[in-house]
Structure formats: C-alpha cells, structure tokens
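# I'll drop the sequence and a predicted model, then ask my questions.
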Amino acid sequence: EGAVEFPGTLVSGVPTELNAMLLAGALDVSPISSFFYAQHADALVLLPEICIGSRREVRSIYCISKVPPAALSGVAIHATTESATGRNLFATICAERFGFLPTYVDSNEPFEAYRTTGAPCLLIGDKAIDAAFQAERRDVHDVGDLWHTMTGLQMVYAVWAASRVVAVERRDEVEAVWRALLSAEQWGKSNRNRVIAAAETIRPRHEDFYRDYYVTLDFNFDDQAQLGLSRFFALAAKHGLLESAPR
C-alpha cells in the first residue's frame, strides 16, 4: 500500500504455494508454514524477530465437527490442502492429547462436507473464518485454543525464511527485506485503525471482527514464540509427523 518502502516485489499465494515457490527458487524470501520449515530446515534460513502466530486462539484455523475432536478417531475429516502447519498441528494435538492420528480426506472445499452431510472438516484462512460464522457455534473448535489448552504455550503458524543460498550470496538484500518487515509490523501496530479499515474494504466482515483478530495475532518471534514452536516440532517428531525436530 506504500506505507512502508519495500525493496522487492510482493507475490500473493496460499501457504502451500509459497512454500513450494521458496524451495524451488521462485521466491527469495517468503512467509512459509512453520511445519514446512521444519521439513526443509537444512535448505532455509529463518529471519529473526518476526513470524505469524498467536498467544492462544488463532481465529483462522478451525476444526468444525458435530462431535468433540476427542471423538474423531477413525472418522474421515475433510481437510484443506492449503496449510501444512494447520493439518499437522491438529494431528499433533490429536495424537498427544487424544491418542490417535486423524484420518484426513483432502478437499478444496472442506466445509461443504460439513454443510451437506455433517462430516467434520479442517479449514484455514478466509474459508475457516467464513465457516466459523456459518456453523453451529458448539461445533467450532479453534486449533490454536486446543494447542494452548494442551501445552499452555503459544503457537507460531508461519515463519519468514530465505533460501540458504540467497541468504549467503545476497545477504544485504535479505536484510533490507527483513528491516522493511519489522517496519511494517511497527507501522501496523501504530496505525491499527487504518489496517482494519483497509481489511474491511477487501473482505467486509462483522464490524468488530478485525479489531479482535489483529489483537489475537502476534508477529513477534520472541523467546516465548520459539518455545511454543520448538514444543510443536518435538511433539510432531514424537508422533512420526516429522523425521526430526530442527532447532
């Protein structure tokens, strides 16, 4: 929007698209699923201090089910293909807290299964937010809240990363992007009302939604955020979702 000077070209995409583009070299720096980083840590370098996370609930990753998540063992869950972290975080919670790995059925429109047949589903992003307003409230389970209830920790859903080659060969450019991101995060905090107004023009929602949503999100990749992410990696490795937990 021009509020902060950015030394690059911005590319839009869902998490799985950005993950693949960064690994293939089509992007130099990108926000990527934190789980994807764990799978490819040897090829990637994290940018410090900034991430996309939440202290407790996340309000954009939901399991929507007519029965509690604890009762979903062996039940087909229609799941989005757009997020590596959301799917594997919910799987980690099910394995560690409830004793089973969920059975996912890949779907481009997971909520349709719930809406038409009552089947459980897992969604992220705008589709998850929209579905949470349409579903029965008792059926909506915030995956961030499930994680916090289980661990007492916050969660990091996406990290900013560069390919290791780019980070070495074009260090100054990567650092310039990183500094712009930090400036943008600070600008957003100082201009919350302008951010909310801009979001409303792009995707209108209930008048209080964005105000609550931007308070819920946390962009600081501080010690507490890293502690929560490390715990996620360790549990995902424990239950066979990762080969090993990276630092």
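Structure's in. What do you need?

# from the chain's centre, how far out does stretch 80-96 sit?
Distance of stretch 80-96 from the chain centroid (C-alpha atoms, centre = their mean, to the nearest Å) equals 10 Å.

# now the end-to-end length of it.
End-to-end distance for stretch 80-96: 21 Å, by C-alpha to C-alpha, to the nearest Å.

# And for stretch 198-206?
Using C-alpha to C-alpha, one end of stretch 198-206 lies 14 Å from the other.

# Flag every buried residue along it.
Ala199 (16 or more other C-beta atoms under 10 Å). Heads up, the C-betas are built off the backbone N, CA and C, glycines and all.

# shaky segments in this structure?
Across the chain, the ranges flagged by pLDDT under 70 are 207.

# any idea which residue sits dead centre in it?
The residue lying closest to the centre of the chain (C-alpha atoms, centre = their mean) is Tyr157, at 3.3 Å.

# Which parts of this structure are strands?
With DSSP state E applied, the chain shows strands at 29-33, 44-54, 61-64, 76-79, 103-106, 121-124, 140-142, 155-163, 217-221, listed in chain order.

# Report the angle between the longest helix anywhere in the chain and strand 29-33.
When the chain is parsed with DSSP state H, its longest helix is helix 171-190. Helix 171-190 runs at 60 degrees relative to strand 29-33, counting by axes from the mean of the first three to the mean of the last three C-alpha atoms, to 10 degrees.

# residues in contact with helix 171-190?
Applying C-beta atoms under 8 Å, 6 or more residues apart in numbering, the contact partners of helix 171-190 are 3-8, 28-29, 47-50, 160, 162, 166-167, 195, 214, 219.

# And these, which of them are buried?
Buried among these (16+ other C-beta under 10 Å): 28-29, 47, 50, 160, 162, 166-167, 195, 219.

# quick revisit: list the residues that contact the residue nearest to the centre of the chain.
Neighbours of Tyr157 in contact, by C-beta under 8 Å, 6+ apart: 33-34, 52-54, 58, 61, 85-86, 89.

# same thing but 10 Å
Going by C-beta atoms under 10 Å, 6 or more residues apart in numbering, Tyr157 touches 15, 31, 33-35, 51-54, 58, 60-61, 83-86, 89, 124, 143-144, 217, 229, 232.

# If we ignore the residues flanking it in sequence, what's nearest it?
Thr85 (5.0 Å; C-beta to C-beta, 6 or more residues apart in numbering).

# mind listing the helices for the protein?
15-24, 34-39, 84-93, 110-117, 125-134, 143-151, 164-169, 171-190, 192-202, 209-216, 223-238.

# contacting residues for Phe219?
49-54, 156, 158, 160, 181-182, 184-186, 188-189, 225.

# any idea how far Gly74 lies from Pro120?
12 Å (C-beta to C-beta, to the nearest Å).

# ugh, wrong one, Ala91
Where Pro120 is concerned, Ala91 sits at a distance of 13 Å (C-beta to C-beta).

# anything in contact with each of the two?
Residues touching both Ala91 and Pro120 (C-beta under 10 Å, 6+ apart) are 77, 79, 102-103.

# Just the buried residues of these.
Counted by 16+ other C-beta under 10 Å, the shared contacts of Ala91 and Pro120 give 77, 79, 102 as buried.

# measure the last one to Gly53 for me?
When you say that, I think you mean Pro102. 22 Å.

# Kindly report the same for Ala24.
For Ala24, the distance to Gly53 - C-beta to C-beta - is 26 Å.

# same question, Ile32
13 Å.
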